[in-house]
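Asker: Predicted coordinates and the sequence they were generated for:
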Amino acid sequence: MKKLLAILLTLVMALTAIPVMAEDNVTVMLDGNVIDCKNAQGVEVPPILVNGTTYLPVRAIANALSLEVTWDDATKSVFINGVSVLAKKSDVINIFINGGKFIAKDANGNVVNPILKDGTTYLPVRAIGEAFDKEVAWDGATKTVTLTTKEAPVIIATVLNKDKAYVVINKETGKALTATDHNTLEYTSPKDGEVSQVFRFIPAPTDGYFFVQSFLTGQNFDVSGHSVEAGGEIITWEATGAENQMFTVKDIEGGALIYSASSSLPMQATDTNTIQSSLTRAAIQLWEIKEVAVPENVELPQTGAYRTLSIGSQVLSDMNGLTLTVSEDSANQKWTIADAGNGEVFITNLATGMNLDVNGQSLNAGDPIITWYAGTDPNQRWVLVEQDNGTFLIRSVHSSLYLTISENNSLIQTYQNSSMKQGWTITATN
C-alpha cells in the first residue's frame, strides 16, 4: 500500500509540474477563416498554453477540415478520417490519420505526446501543422495562429502496381536500394537485370500504404525493432504484415519521399545502409521509383503477409473471442506473425488487432488462451517449433506450455504430447 501511495504521489507531482492554462485570446485561422474551436458536444474549447507552447484542440481542427473524428476509449486512440486496425492499448494517447499512426515531434525531432484536458485532445501548433499538412504561422502581436493549406503533394501510391517491378534510386547519390541475404538494405550502383535491386509494391490493409517486397529474397522493407526514432535502420525481413513493414510514397518536387507507417519518418540513404530520419526533404531522402521488367524465373510468395492457423479443416478465428471454424477467407481468420526478438513472435489477428494471450498470465496447464490488446509481455510471446511433418507446435514464452485444442474445442495451453491437436498448419495467404 505504501508503495502504491508513493507511485500515485509521484504521478500527481509529475502532472502538477506541467502548468496548463487556457489561451482564451488566441485566434485560430484556417485558410483565411476564423475557426470556432469546439468539442464533440459543441462546447467551446480554447487553445491551451503548456510550458510556453500553444496547443490546439485536435478535433476542432479536423472538423474545420470536414474530417470525421472518432474516439476509442479502450485503446486511448483518436481516429481522424477512418478507424485503423493498427490501434493498440497504450499508456499515451494515439492519433491515427487516414489509417496511419501519427507521431508528433518538436523542432528537434523529439516525440511529443498529445495532452488530454477536460476530455479534449490537444497537440502543439507545430504538430497540428504537420498532422494536417498545413503551413503554420504565429503572430504574437495579435495572438493569431494561421494555418494555410500547402500545395498538396501528389501521392503516387495509386499508380504503383503489385504485378509490376521497380527499382528505387536515391536522387542525391544515384544509387539503387539493394536487398542482401543478411537483411541489411544497402544501396549500390544501378545495374540492368540485377534482381537484388528489384522490388514490388503490394497494397497493405491501410489505404495508401504498401509492403515493399524484394524479388530476390521475398522479404519486405522493415523498420528494425519497430523503432520510432530517427536513425532506426530499415532492413528486409520475412513478411509479417505488421505496421513496421508498411510504407507510403509521396511525390514532391525533386523526387519521392518514402515514409514508414509505424514512425511517420522518411527513408534516407547512408554510406552503408538505409535508415529513417527526421524530415528535411533533402536530396538524400528523395527517391526515383522506376519501373523495370519483371525478373524471369522468380517465384515470389503470396502477395499478402498474413497466415492462417489451422488444425485439420478447423481454422483459428478471432470473433472478439477465439473460435475454430471452417475456412472462410475472412480477415478474422488471418494473422500476422511478427518477430519479437530472441526467436519469439507476436501472433496478431488482422481484423481485431488483438494478440494471442495467455489469460491472466497463467502458468497452469488447461487454462484458456484468449486474444487481448497488443502488448509486449511474455504471455503474448510465442515460439514456433517446426515438426518433421511440416506442422508447428506453438509454445508460450511465459508458461512454456503449448497451444492446444481441448476436448470441448476451446483453445488452452497444456504440456507437449503426441496429440494432433497440438500440430498447427501455418499457411501464407493474401
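Answerer: Okay, I see it.
Asker: For residue 168, see how far away residue 253 is.
Answerer: The gap separating residue 253 from residue 168 is 18 Å, by C-beta to C-beta, to the nearest Å. In this view, the C-beta of every residue, glycine as well, is placed from N, C-alpha and C.
Asker: Give me the more crowded residue out of those two.
Answerer: Between residue 253 and residue 168, counted using other C-beta atoms under 10 Å, the more crowded position is residue 168 (26 against 8).
Asker: what helix or strand is the residue of the chain positioned farthest from its centre on?
Answerer: Distance from the C-alpha centroid of the chain peaks at residue 141, with 40.5 Å (C-alpha atoms, centre = their mean). For residue 141, there is no enclosing helix or strand under DSSP states H and E.
Asker: Tell me where the stretch 101-250 of the chain has strands.
Answerer: For the stretch 101-250 of the chain, the strands defined by DSSP state E, counting those that start in this stretch cover 115-117, 120-124, 134-139, 144-149, 165-170, 176-178, 186-188, 199-203, 210-214, 220-223, 233-237, 247-252.
Asker: do the same with the stretch 301-430 of the chain
Answerer: 306-311, 314-318, 322-325, 335-341, 344-349, 354-358, 369-373, 382-386, 392-396, 402-405, 411-414, 425-429.
Asker: related to what we said a few turns ago, which residues touch the residue farthest from the centre of the chain?
Answerer: Contact partners of residue 141, counting by C-beta atoms under 8 Å, 6 or more residues apart in numbering, are absent.
Asker: For stretch 68-81, measure first residue to last.
Answerer: Using C-alpha to C-alpha, to the nearest Å, the end-to-end distance of stretch 68-81 comes to 5 Å.
Asker: Show me what counts as buried in that stretch.
Answerer: Going by neighbour count (16 or more other C-beta atoms under 10 Å), the buried part of stretch 68-81 is 69, 75-81.
Asker: Can you tell me what sits against it?
Answerer: Residues from elsewhere that reach stretch 68-81 (C-beta under 8 Å, 6+ apart): 40, 58-59, 62-63, 67, 82-84, 87-99, 114, 121, 373.
Asker: Which among those residues count as buried?
Answerer: Buried members of these, counted by 16+ other C-beta under 10 Å: 58-59, 62-63, 67, 84, 87-89, 93-99, 114, 121, 373.
Asker: I'd like the list of those residues that fall within strands, please.
Answerer: Per DSSP state E, strands hold the following members of these: 94-97, 121, 373.
Asker: what two of those residues are the furthest from one another?
Answerer: Across these, the longest distance by C-beta to C-beta is 21.1 Å; it joins 97 and 373.
Asker: so residue 358 makes contact with residue 399?
Answerer: Yes: when contacts are counted by C-beta atoms under 8 Å, residue 358 is listed as touching residue 399 (5.8 Å).
Asker: ok, those two, which is more surrounded?
Answerer: Neighbour totals were compared for residue 358 and residue 399, and residue 358 leads with 27 against 18 (other C-beta under 10 Å).
Asker: pLDDT wise, what is the more buried one at?
Answerer: Residue 358 is assigned 96 on the pLDDT scale.
Asker: Pull up the gap between it and residue 365, please.
Answerer: 11 Å.
Asker: show me what contacts residue 106?
Answerer: Taking C-beta under 8 Å, 6+ apart, one finds 112, 124, 126-127 in contact with residue 106.
Asker: 10 Å instead, please
Answerer: 53, 112, 124, 126-127 (C-beta atoms under 10 Å, 6 or more residues apart in numbering).
Asker: Kindly report the same for residue 364.
Answerer: Counting by C-beta under 10 Å, 6+ apart, residue 364 touches 358, 399, 401, 412-414.
Asker: Looking at the residues you listed, which is nearest residue 321?
Answerer: Nearest to residue 321 out of those is residue 412 (C-beta to C-beta; 14.1 Å).
Asker: so how many other residues sit close to the closest one?
Answerer: For residue 412, the neighbour count with other C-beta under 10 Å is 22.
Asker: That one contacts residue 368, doesn't it?
Answerer: Yes: contact status for residue 412 versus residue 368: in contact at 5.7 Å, counting by C-beta atoms under 10 Å.
Asker: Identify the contacts common to those two.
Answerer: 358-359, 362, 406.
Asker: Of the residues you listed, grab the buried ones for ChimeraX.
Answerer: The ChimeraX command for the buried members of the shared contacts of residue 412 and residue 368 (criterion: 16+ other C-beta under 10 Å) is given here:
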select :358,362
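Asker: got the shared contacts of residue 412 and residue 368 as CSV, with distance to residue 228 columns?
Answerer: Converted to CSV, those look like this (distance: C-beta to C-beta, whole Å):
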residue, distance to residue 228
358, 27
359, 30
362, 32
406, 39
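Asker: Can you tell me which of the shared contacts of residue 412 and residue 368 is nearest residue 46?
Answerer: Nearest member of the shared contacts of residue 412 and residue 368 to residue 46, counting by C-beta to C-beta, is residue 359, at 45.2 Å.
Asker: measure the closest one to residue 36 for me?
Answerer: Plainly put, residue 359 is 48 Å away from residue 36 if you go by C-beta to C-beta.
Asker: still on that earlier bit, any common contacting residues for residue 358 and residue 399?
Answerer: Common contacts of residue 358 and residue 399 (C-beta under 10 Å, 6+ apart): 364, 367, 378-379, 413.
Asker: which one of those residues sits closest to residue 190?
Answerer: For the shared contacts of residue 358 and residue 399, the minimum distance to residue 190 (C-beta to C-beta) is 45.2 Å, reached by residue 378.
Asker: so who does that closest one touch?
Answerer: Applying C-beta under 10 Å, 6+ apart to residue 378 gives the contacts 340, 344, 358, 361, 396-399.
Asker: ok, now residue 34?
Answerer: By C-beta under 10 Å, 6+ apart, the contact set of residue 34 is 27-28, 64, 144.
Asker: Also residue 265?
Answerer: Residue 265 neighbours (C-beta under 10 Å, 6+ apart): 103, 105, 109, 223, 227-232, 234, 259, 275-279, 285.
Asker: And residue 82, by the same measure?
Answerer: Residues in contact with residue 82 (C-beta under 10 Å, 6+ apart) are 67-68, 70, 96-100, 206-207.
Asker: could you redo the last one with a cut-off of 7 Å?
Answerer: Taking C-beta atoms under 7 Å, 6 or more residues apart in numbering as the criterion, residue 82 is in contact with 98-99.
Asker: Mind pulling up the pLDDT for it?
Answerer: With respect to pLDDT, residue 82 has a value of 78.
Asker: Could I get the phi/psi values of it?
Answerer: With angles defined as degrees, to the nearest 10, residue 82 sits at phi 120, psi 140.
Asker: Same check on residue 50?
Answerer: phi -130, psi 110.
Asker: Who is it paired with across the strands?
Answerer: Beta-bridge partners for residue 50, by DSSP bridges, are residue 20, residue 53.
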